[in-house]
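Asks: After the sequence you'll find the predicted model.
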Amino acid sequence: MNNFIKNLISIGIVCFLFLGSQSLCHAIQLQTEEQSTIDVFEKISPSVVFIKNASIQLDLFSMDVYEIPQGAGSGFVWDTDGHIVTNFHVVYQADKIEVILSDQEPYLAKIIGISPDYDLAVLKINASPEMLKSIPVGSSNGLKVGQKAFPLVILLAWTIL
């Protein structure tokens, strides 16, 4: 066995032993900061949605209608009336928009407001208020430079795919 393979195996064993004990230690006792981040994630994740955007195209030869996926993104539930906030670029030029809630239920959405200059869009879905977990809205009045911010909408969308 050459030295490269021996070194690679040694590094793998050391990493396994170190990371294995490290993850076991974290599972037993989380740091206060880690637990705070986990708490935020668990509180906000039901409010995050996944959004799919498609265009409808007609084949002129066969006269068949095709749904062509154009893109996807994330957003969040604003209220229990079914308003969803997302980015304008996520729904730009969409013929069909589908919002998937954190419980994996898809709903057709309509655009009810856009602000391309601010890259914002508001959608509306018809879902029962019990299904819609709105995001708690805070205030920016007391924010200070250097406070933590979490881009949860982006990260959480991948957990509901």
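Replies: Nice, thanks for sending it over.
Asks: where do the helices sit along this protein?
Replies: Shown for the chain, the helices assigned by DSSP state H span residues 3-28, 32-44, 88-91, 152-157.
Asks: what's the least confident stretch among these?
Replies: Of all the helices of the chain, helix 3-28 carries the lowest average pLDDT, namely a mean of 48.
Asks: Please name the spatially closest residue to residue 59 (chain neighbours excluded).
Replies: Excluding the flanking residues, the one nearest residue 59 by CB to CB, 6 or more residues apart in numbering is residue 66, at 6.4 Å. (C-beta placed from N, C-alpha, C; glycine too.)
Asks: The one you found contacts residue 95, correct?
Replies: No: here residue 66 does not reach residue 95: they are 10.8 Å apart, not a contact under CB atoms under 8 Å.
Asks: list residues touching both of the two?
Replies: Residues touching both residue 66 and residue 95 (CB atoms under 8 Å, 6 or more residues apart in numbering): residue 56.
Asks: Number of residues surrounding the nearest residue to residue 133 once chain neighbours are set aside?
Replies: Counting by CB to CB, 6+ apart, residue 46 is the residue found nearest to residue 133 once chain neighbours are left out, at 3.9 Å. Neighbourhood size, residue 46 [other CB atoms under 10 Å]: 19.
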